Structure formats: C-alpha cells, structure tokens
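Trainee: got a predicted model here, sequence first, then my questions.
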Amino acid sequence: MVQTDQTRANAAPETSHSRLAHVKGALILLVPVLAVIYAGIVGYMYVNQQSLLFKPDGELPAPNTVGLADVESVSFTMSDGVTLTAWSAPPATDDAPTVLFFHGQSGNLGDRSDRMREILNSGFGLLAPSYRGYPGSEGEPSEMALISDGIQMYDQLDRQGADVVLHGQSLGTAVATAVAEQRPNAQLLVLEAPFTATVDVAAERYPWLPVHALMRDQFATRDLIGNVTVPTLIFHGTEDETVPLHQGEALAAMAGETAQIYVIPDGTHNDLWSHGLWDQVQQSLPAN
C-alpha cells in the first residue's frame, strides 16, 4: 500500500507537467493561427476600404418623381473629364442664396429629397452634386476627387454671382469644410452630424485595427476647420450612434469663435432636420 501511494505521488507531478506542456504546445500553435486570421481581417479591410467608406446605392430618380418638380438634373464635366450629375434649381429671388449641398456616404440624391424640398420651399437655390461613382455620375470616389469636384461646383456658382451656403451631411461635411477653407467668400458653412475625421470614426469603431495606417481617404476635417473663416453652424444629436457627439464638439472647439454648435437632445444621425436644423440655418444667415 505504501509503495502504491508513493507511485501515485510520483505520477501526479508528471501528469501535471504533461498537461502544462500540452497547454503550452496548443498556445504555441494557436498564436500563428490567430496571427493569420488577424492578417486576413486587416487585408480584407484594406482591400475593401473604398466600399466600406463610399456606399452608392440604387438608381438616381428624376427629381419630379421625388417631389422636386422645380429641380433640373444637369451634367457637369470636371477638369479631369469625368461627368457628374447634379440637381439644380435657381433661387426664388435674386437676393436669396444658393445651397451647395454635399450628401452623405450612402444611397443617392433621391434619399435627400425631403431636405432639398425644405431648402426650395424657403426660396433658396440648390445645387446638389451626385459624387463621382454614385448613381448618375461617372468615375470613382476618393477624398481628393470629391473635394476637387466640390471646389469646381462652388466656382461655377460663384461665376454666376450666387451667394453660396455650403451644407454638408455626414461624409459631405468633410467636403463642405474643405471647400470653405479654399473659398472663404462663402456665406455660411453648415455641418450636419460631422466627424473630426473618417479615420477617427473608424479607430473608435475598430480599436483593434491599425486604421490610421490602413485608410487612404481619411477626410481629416480637424486639420482644416481651424483655417475656416466662413461662419459655421455645427449640428449634432446626443443619440448619434454613427458619429459620436464628442467629435462634433471637438470640431466646434477647434473652430473657435467662427463656429456655433447646436447639440440636439435625442437627435440621431439622420433626423436633425426634424429637430429644427433648417429653421436655425435660416435664422443664422447674415441677411436675416
């Protein structure tokens, strides 16, 4: 009996040691497997980043089919030969401004018809380009291309003698801000649910990915807003789950006295117009 107990006592450490060795071996094998999986995810995000950032969808409707009977669908040829479609309408009076409207990342112009109807019902003019690569427009979207197109659209209005209000929605806030930095004679800059940078949004959403090294189109509005001298209105909802409120607040702080921020209680990413955004824009125009 004593001998048997001694044998079991000697076997126990060997068994524990064997189990520990098996665990270590499994971990050693698991590390490269996890590394391969992680590399695959990083590779997928890098290769597909354009489709994750730019999300055109559907077919561009005729303006009159979405309640915009006074809006004309027009074509513009950009400096690189790419043809874009834009929705255009003149202001009701000569002294009314024209809104140069830059839409968000998803869908098409038809999805913003309610916003445009409010603009037109106020007597304002409208020019709303469909980004390159989106329904109705040629080319491929990129940060550099969208900003260049936006500046060219602004210059078209400026040559016509229009007073321009720059309005950006979500992704469009980066385009509108870049145009405002380059064209300080704009009358007003309106930022609807803006971000500090698309790469900042991605970094918060995917903290385990090296997004700053991966993203080509970072749309760093935070690097431009301090140079903008155009009066700026920032609208952001407290319940925005797409772009967190603190990013809009950060932009307002960076802009300093140039900007005024309106924090919308219970506002989300896409419903700020129903919380009085456009009423506040009209009240804030210098002419008013």
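Mentor: All right, it came through fine.
Trainee: Glu72 reaches Ser88, doesn't it?
Mentor: Yes - under the criterion of Cβ atoms under 8 Å, Glu72 makes contact with Ser88 at 5.3 Å. Where you see a C-beta, it was placed from the backbone N, CA and C, and this is true even at glycine.
Trainee: more neighbours, those two?
Mentor: Legend: neighbour count by other Cβ atoms under 10 Å for Glu72 and Ser88, higher for Ser88 (21 against 13).
Trainee: specify the beta-bridge partners of that one.
Mentor: Using DSSP bridges, the bridge partners assigned to Ser88 are Glu72, Leu127.
Trainee: ok, it to Ala197 distance?
Mentor: Distance of Ser88 to Ala197, computed by Cβ to Cβ, to the nearest Å: 30 Å.
Trainee: can you confirm Ile234 is in a strand?
Mentor: Yes - using DSSP: H, G, I helix; E, B strand; the rest coil, the secondary structure at Ile234 is a strand.
Trainee: who are the packing partners of whatever helix or strand Met254 lives in?
Mentor: Taking DSSP states H and E as the definition, one finds Met254 inside helix 245-255. Applying 3 or more Cβ pairs under 8 Å, 6 or more residues apart in numbering; DSSP states H and E, we find helix 245-255 packed against strand 232-237, strand 259-264.
Trainee: let's see it at 10 Å
Mentor: Here helix 245-255 touches helix 171-182, strand 188-192, helix 198-205, strand 232-237, strand 259-264, going by 3 or more Cβ pairs under 10 Å, 6 or more residues apart in numbering; DSSP states H and E.
Trainee: now the common contact residues for Glu72 and Ser88.
Mentor: Common neighbours of Glu72 and Ser88 are listed as Pro63, Leu126 (criterion: Cβ atoms under 10 Å, 6 or more residues apart in numbering).
Trainee: okay, buried residues for stretch 208-227 please.
Mentor: Across stretch 208-227, burial judged by 16 or more other Cβ atoms under 10 Å covers Leu209, Val211, Leu214, Met215, Asp217, Gln218, Phe219, Ala220, Thr221, Arg222, Leu224, Ile225.
Trainee: residues touching the residue nearest the centre of the chain, list them.
Mentor: Most central in the chain under Cα atoms, centre = their mean is Leu171, positioned 2.4 Å from the mean C-alpha point. Counting by Cβ under 10 Å, 6+ apart, Leu171 touches 53-55, 102-106, 131, 141, 143, 146, 193-195, 198, 217, 219, 243.
Trainee: ditto for Phe76
Mentor: 82-86, 88, 127, 129, 137, 149, 152-153, 156.
Trainee: equivalent analysis for Asp80, please.
Mentor: Arg132, Gly139, Ala145, Ser148, Asp149.
Trainee: do Val165 as well
Mentor: By Cβ under 10 Å, 6+ apart, the neighbours of Val165 are 97-101, 119, 124-125, 176, 186-190, 230, 233, 281-282, 284-285.
Trainee: over to Arg205?
Mentor: Counted by Cβ under 10 Å, 6+ apart, Arg205 has contacts Val211, Thr242, Pro244.
Trainee: this completes my enquiry, with thanks.
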